[in-house]
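Engineer: My questions are about this predicted structure, shown below with the sequence.
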Amino acid sequence: MKIPLILASSSPFRQSILKKFNLPFDYFSPNIDESPLEGESAEQLVLRLSELKAKSAQQHFAKGLVIGSDQVALHKTSILGKPHNKENAIKQLCRFSGDKVTFLTGLCLYDIESDTATTILEPFHVHFKELTEAQVSAYCDAEQPYQCAGSFKSEGLGICLFEKLEGDDPNSLVGLPLIRLNQLLAERGFDVLSLQPHC
């Protein structure tokens, strides 16, 4: 019997990315406290939370390879939150004009039966072009990115805000680095290509 693949996330974005592997998987919503610890860096935060999410699968499953992921967006040294409204979104995006935002994604692969986890950090950089307030306002009206950290949807019209994207895997930007995940799975003998369903 194949080892079940489990995604520790109810995010439709992460689920749609994992579907690119063309393999069945279970998913659940991890119920953990995501508050940062005192003195914790952004890197430490996403690594800790991705592992906590993955290990919380023990409450729901007896075995399986569990994928946990967490992400923060940084501008300079500030962690970016969701804007929640147009006014805050415009402020955020105008601040990014001609500058860089870094996304740090923690990825954990946890084997329930052996109680072993591998956790890595994947950075991705978004370089914004010079933007006018009128352009930013028009973008906000069109896409209303008010529940997105950083005030943009890179998978949609937000791509027009950027000068360039810099990183190893564009999936990282949406929250699940598939190239690194494929490598972690292979290290545990789980070969995505060999496990493809036959037509």
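Structural biologist: Happy to help now that I have it.
Engineer: As a check, name the ranges of all helices in the protein.
Structural biologist: 12-18, 42-55, 86-96, 133-143, 171-174, 178-187 (DSSP state H).
Engineer: Distance check, the most centrally placed residue in the chain against A138.
Structural biologist: In the chain, the C-alpha nearest the mean C-alpha coordinate belongs to G175, at 1.5 Å (C-alpha atoms, centre = their mean). Distance, G175 to A138, by C-beta to C-beta, to the nearest Å: 26 Å. (Glycine included, C-beta is placed from N, CA and C.)
Engineer: same deal with Q92?
Structural biologist: On the measure of C-beta to C-beta, Q92 and A138 end up 15 Å apart.
Engineer: Settle it for me: which of these two has more neighbours?
Structural biologist: Under the criterion of other C-beta atoms under 10 Å, the comparison of Q92 against A138 puts Q92 first, with 24 against 13.
Engineer: surely that one meets Y146?
Structural biologist: No. Counting by C-beta atoms under 8 Å, Q92 does not reach Y146; the two are 10.4 Å apart.
Engineer: Can you pull the residues that touch both of the two?
Structural biologist: P83 (C-beta atoms under 8 Å, 6 or more residues apart in numbering).
Engineer: Output the below-cut-off pLDDT ranges for this structure.
Structural biologist: 1-2, 199 (pLDDT under 70).
Engineer: try 90 this time
Structural biologist: Scanning the chain for pLDDT under 90 picks out 1-3, 10-13, 34-36, 77-82, 147-150, 153-156, 170, 173-175, 197-199.
Engineer: in stretch 172-181, what's buried?
Structural biologist: The neighbour-count check on stretch 172-181 (16 or more other C-beta atoms under 10 Å) flags 172-178, 180-181 as buried.
Engineer: Can you tell me what sits against it?
Structural biologist: The contact list for stretch 172-181 (C-beta under 8 Å, 6+ apart) reads 11, 13-14, 17-18, 20-21, 67, 69, 71, 103, 105, 107, 109, 120, 122-124, 126, 154-155, 165, 167-169, 171.
Engineer: Only whichever of these are buried, select them in ChimeraX.
Structural biologist: Selection of buried members from these for ChimeraX, criterion 16+ other C-beta under 10 Å:
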select :11,14,17,18,21,67,69,71,103,105,107,109,120,122,124,126,154,167,169,171
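Engineer: pretty sure V72 contacts I79?
Structural biologist: Yes. Using C-beta under 8 Å, V72 is in contact with I79, at 5.3 Å.
Engineer: More neighbours: which of these two?
Structural biologist: A side-by-side neighbour count of V72 and I79, using other C-beta under 10 Å, places V72 first with 20 against 14.
Engineer: so that one bridges to which residues?
Structural biologist: Beta bridges link V72 to L104 when assigned by DSSP bridges.
Engineer: got the buried residues for stretch 181-193?
Structural biologist: Neighbour-count burial for stretch 181-193 [16+ other C-beta under 10 Å]: 181-182, 184-185, 190, 192.
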